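Let's see this in three dimensions:
(chains A and B)
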Amino acid sequence: MNKPIRTVGVFCMLLFIALLAQSTNLQFFRSGELNDRPENRRVLEARFSAERGSILAGETEVALSVPVDDRYEYQRQYPLAGQYAHMTGWFYFGGASALERSQNAVLSGDDPSLFVNQLSDLLANRNPAGSNVGLTIDPAVQEVAFEQLAAQGEDVQGSVVALEPSTGRILASVSLPTYDPNQLALRDVGDVQDNYQALYDDESNPLTNRSVATTLPPGSTFKLVTAAAYLEDHPDVDANSQVPGGNSYQLPGTRTSIANGGRSCGDTTVSLTQAMEQSCNTTFLQLAVEEGQEGMTEIAEAFGFNADPAADYPGTSASAYPENASDDLLAKSGIGQQDVRATPLQMAMVAAAIANDGVLMEPYLIDRVTSPDGETITRHEPEERAEVVSSRTAGVLQELMVNTVEQGTARQARIDGVEVGGKTGTAENCDGCRPYAWFVSYGERDGQQVAVAVMLQNVSDNVTISGGGLGGPIAKAVMEQALGVGE
Amino acid sequence: MSQASATPDQFVHRSRRGAELFLLVLALSVGAGAYAAVGLGIEGEIPADMIGYTGWLAALMIAAHVAIRMTAQYADPILLPVVAALNGLGLAVIHRLDLANNSSFARQQLIWMTLGVALFILTITLLRDHRILQRYTYTSGLLAIGLLLLPMMPIIGNEVRGARIWINVAGFSFQPGEVAKLLLVITFSGYLVLHRDALALAGRRLLFVDLPRGRDLGPILGMWLVSLGILVFQRDLGSSLMFFGMFLVLLYVATERPGWLVVGGTLFAGGAFLGFQAFSHVRNRFEIWLSPFDYVDRSPGSGQLVESMFGMAWGGLIGRGFGEGQPWRIPFAESDFIIGAIGEELGLTGVMAVILLFAIIVERGLRTALVCRDGFGKLVATGLATIVALQVFVVVGGVTTLIPLTGLTTPFLSYGGSSLVANWVLVGLLLRISDQARRPLPGVEEPYATYDSGADEATQVVKVVKP
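Numbering: from 1, shown residues only, chains lettered A, B, ... in the order given. Presented below is the predicted three-dimensional model:
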């Protein structure tokens, strides 16, 4: 019987070899694939329990992991709560949003670019910790912008965006109303869902980041773009040249006339600087028609319309300039009405490009990635997005904007000793709706520049909405802080 | 050494009890070390009852070792340490799951282990010659059938998670199938050793394969029906496969005719196909095997299997370490899925070590069968080794998705009294047979016992012993 017993031995050996091979397959070759499955809660929990990197604005930690004494070991905290909520988003067991989500690989330490750190953690037998994300935000500017906007009242809906024109760094990005991300980073997923649902159902849309996701007609602030198109096509035109004006203008092919709200815009012509100072609708309606669809689209897209800006800023929407509009609608697009849509970030980009002598720098939010012990691992280098207009055109536009602040509709933004250029806007989204206000400006002091866009979608019912009256003082305070006035 | 000079075909074995003792110390360090590691990993300190626990394990092992020294001097020296290591590791893993689940299975398992070792000692002490068992061929057959039928009885029969393989007596639940497997090995071996000639020699040749006579098909058909019955009435795929596979192997070994494997394999394939067609639970197991992730949220679903796969993947090559994994996510990890828990916290390394330990048990069992001098002992040893091999293959293969999952305990590792006790008796039987097989023949040993090692071997009388 020994021969078949030996055969049985070989057979059993094959069985055991098959088991060894299959467990190797499962635990070695397929382990990556199994670990990546969404229903694998082990991996979810391990990532949730890991020490996550902080999100920093300057030296200020706006999101950080604090050790706690429970199963997951760390709790995510947002010390400044609503001020940075729309940028940081929140991190809880079920997931993450905004930067917490888009920068997850860096914050959790899994990103391939952190390979050297991972290796040194492994060799030193340390628990791998996540890296920190440093924002371009200047915490002092952000705070001023936040407080100025919040001071407009309890129901204020609006946004402030500040850019550094020479680099594209986003210095401030405020959106109100806001929410407390700490309430969405609770341990109890059920509580998180309840809190989220309440915010989601809130009619003032506190979850929406109005800085980059809300697009509204930019109104008169868009006249800067129309003027830029005209100036590019007419090299001999300067601030004092005469341009078409008049008390009212009948839209081509319609019986609708648009007037200037009582401001003085000449009988048939007006100087360009006066047209800008007085925000003459009749002028810019006609200039848009004269430039035509192609000329307007080209310059609007050079400023950033019809494309997503700031790739590292989560949740941005593209601003829109309409295509194939009939002449009457084209005319209205010249004053930022009709189908023109812009985010506050987009209008800040317009001001920044003008201030930066016509060169638009790509705006960015993430400045650097640093290791847990503070060493810089990667740093974002500023990139040029487009040469929007010639420096001559930019110079004329700067002059127009400065004049608008000095003697036009944007007087509220004047700062002694600082070159400030601005443009106001007030627009309606629909007939009979409450209008909303825009204020776009730049300031320059000792070679240092800042561009600011303020958008007020809604304020208390008893306050009259006007771009200059409401937006001007906010922009002024933000510029003063950014340029170090009064220090 | 003088005894090695017996005969050309009758190698005389050394007793190797010292080696066994040394290996037992290693096995104890596995059990106690794993227990300490669980305490350190989960509670951050060596368990308070460390000394008592280690002492208890050591006492069990020493008792078993002393019993072997006294009654089975020539028994295989490797089996006991391997089994002790597996049992100790299993206890530690169950204890680890207890700490996570707030259960107390490890304590009960330690009691069962004590009972198992006691029965092991009883087996080798009372049963001085395994051939006595041949007298009980038919008695044990009847007993096995009776045990297999018990779970079908009202009141004491108990269905757990779809399988009707349990009985409840006086508050204890028991799986009679685990004891029945030992009895069936004895029955088959006793039957086959008597009828092997008829089964082997009669028959006709068809396409290079010797097919058996029709009238000799009786027993195989009977066993096939019993296996099918287990499958149908108790919904227990694993036991059914294990019993039938073991029977086929014994038939093949007894008759030395591969034809029986062809017949049996065909019958098994037919039965499996019928089962697949007729029973939704068989189909369900098969479909889960093909695409486990599609059945995670269903019932009966694959949640347990998928969690175990995740755990093993999470464990990777070297495991998370005791206390660092989440094996409590696998429902009933302490019984059928203990390999998943080991894979997560001890990694592929731990799983491979466990599989190799089982391979060693099987190898030592088959080696015992090879050197055994009587046909009945050969068959019993082969049957017991095959049972271990098949049971490990069915359960580990099921957990690692090599084959469709069927519920069986992992011998010596899983929580479960009946399984643990039965397997300790199984090892006792193997050791008894190996003692018999390796013991120098009385007629050979005694005349030479007076020779000293310096004797001139050329002058020795060579006594040829026909096996």
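
average model confidence for the helix or strand containing A:Gln22?
Here A:Gln22, judged by DSSP states H and E, is contained in helix A:2-24. On average, the pLDDT along helix A:2-24 is 95.

And stretch A:138-150, by the same measure?
94.

repeat for stretch A:222-240
For stretch A:222-240, the per-residue pLDDT averages 93.

Now do the buried residues in it.
A:222-232, A:234, A:237-239 (16 or more other CB atoms under 10 Å in any protein chain shown). The way it works is simple: take the backbone N, C-alpha and C, and place the C-beta from them, glycine included.

tell me the two of these that are most distant?
A:Phe222 and A:Asp238 (21.4 Å; CB to CB).

who does A:Gly422 bridge with?
Beta-bridge pairing of A:Gly422, defined through DSSP bridges, involves A:Ser441.

doesn't A:Ala413 make contact with it?
Yes. Counting by CB atoms under 8 Å, A:Ala413 is a contact partner of A:Gly422 at 4.6 Å.

what is in contact with these two at once?
A:Val405, A:Phe439, A:Ser441, A:Gly472, A:Ala475 (CB atoms under 8 Å, 6 or more residues apart in numbering or on different chains).

Tell me which residues are up against the helix or strand containing A:Ala105.
Secondary structure from DSSP H and E places A:Ala105 in helix A:104-108. Helix A:104-108 is contacted from outside by A:47, A:50, A:52-53, A:55, A:96, A:100, A:110-114, A:130-133, A:369, using CB under 8 Å, 6+ apart.

Flag the shaky bits of the stretch 351-487 of chain A, pLDDT-wise.
The model of the stretch 351-487 of chain A has pLDDT under 70 over residues A:428-433, A:460-468, A:487.

and the residue of it nearest chain B?
At 21.4 Å from chain B, A:Pro372 is the closest residue in the stretch 351-487 of chain A, using CB to the nearest CB.

residues in contact with that residue?
Counted by CB under 8 Å, 6+ apart, A:Pro372 has contacts A:Glu51, A:Gly53, A:Asn117, A:Ala129, A:Gly130, A:Ser131, A:Asn132.

Point out the residues in the stretch 351-467 of chain B that sit beside chain A.
B:351-352, B:355-356, B:358-359, B:362-363, B:366, B:369-370, B:375, B:378-379, B:382, B:385-386, B:389-390, B:392-393, B:396-397, B:400-402 (CB under 8 Å from any CB of the partner chain).

count of residues packed around B:Leu182?
By the criterion of other CB atoms under 10 Å in any protein chain shown, B:Leu182 has 22 neighbours.

If you average the pLDDT over the strand or helix carrying it, what comes out?
Applying DSSP H and E as the criterion places B:Leu182 in helix B:176-201. For helix B:176-201, the mean pLDDT works out to 87.

tell me what it is packed against?
helix B:137-149, strand B:163-169, helix B:217-233, helix B:237-255, helix B:375-399, helix B:417-438 (3 or more CB pairs under 8 Å, 6 or more residues apart in numbering or on different chains; DSSP states H and E).

Just put these in a markdown table and tack on mean pLDDT and mean neighbour count.
Output for these, formatted as a markdown table (pLDDT from 0 to 100; neighbours: other CB atoms under 10 Å in any protein chain shown):
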| stretch | mean pLDDT | mean neighbour count |
| --- | --- | --- |
| helix B:137-149 | 88 | 17 |
| strand B:163-169 | 71 | 19 |
| helix B:217-233 | 74 | 17 |
| helix B:237-255 | 87 | 25 |
| helix B:375-399 | 95 | 26 |
| helix B:417-438 | 94 | 25 |
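
For B:Trp112, find the nearest of the ones you listed.
helix B:417-438 (4.0 Å).

Can you say which of the helices and strands packed on helix B:176-201 is nearest to A:Thr378?
helix B:375-399 (43.9 Å).

angle of that closest one against helix B:237-255?
150 degrees (axes from the mean of the first three to the mean of the last three CA atoms, to 10 degrees).

other SSEs contacting helix B:375-399?
helix A:2-24, helix B:176-201, helix B:237-255, helix B:338-371, helix B:417-438.

which non-adjacent residue is nearest the residue of the stretch 101-250 of chain B found nearest chain A?
Residue nearest to chain A within the stretch 101-250 of chain B: B:Val249 (5.6 Å; CB to the nearest CB). Excluding the flanking residues, the one nearest B:Val249 by CB to CB, 6 or more residues apart in numbering or on different chains is B:Thr386, at 4.6 Å.

That neighbour: what's it in contact with?
Counted by CB under 8 Å, 6+ apart, B:Thr386 has contacts A:Val8, A:Cys12, B:Gly245, B:Met246, B:Val249, B:Leu250, B:Val362.

What is the burial count for the first one?
Using other CB under 10 Å, the number of residues around A:Val8 comes to 21.

I figured it hits B:Leu379, correct?
No. If you go by CB under 8 Å, A:Val8 and B:Leu379 don't touch, sitting 11.1 Å apart.

any shared contact partners between these two?
With CB under 8 Å, 6+ apart, A:Val8 and B:Leu379 have common neighbours B:Val253.

Nearest residue to the middle of the chain?
Reading this off chain A. A:Val212 (3.9 Å; CA atoms, centre = their mean).

please go with chain B instead
Note: chain B centre (CA atoms, centre = their mean) maps to B:Val388, 3.0 Å.

Quick check, that one in contact with B:Val362.
Yes. Using CB under 8 Å, B:Val388 is in contact with B:Val362, at 5.5 Å.

Spit out the contact partners of B:Leu148.
B:Leu148 neighbours (CB under 8 Å, 6+ apart): B:Pro176, B:Gly177, B:Ala180, B:Val226, B:Ile230, B:Gln234.

what's the most distant pair in these?
Farthest pair in the contacts of B:Leu148, by CB to CB: B:Pro176 and B:Val226, 13.7 Å.

all helices for the stretch 1-150 of chain B, in order.
B:17-43, B:50-71, B:79-101, B:105-126, B:137-149 (DSSP state H, counting those that start in this stretch).

A:Gln407 - nearest residue in space that isn't next to it in sequence?
A:Glu277 (5.9 Å).

Verify the contact between that neighbour and A:Val405 for me.
No. Using CB under 8 Å, A:Glu277 is not in contact with A:Val405; the gap is 9.2 Å.

what does chain A put close to chain B?
Counting by CB under 8 Å from any CB, the residues of chain A that sit close to chain B are A:1-9, A:11-13, A:15-16, A:18-20, A:22-28, A:30-35, A:37, A:39-43, A:45-46.
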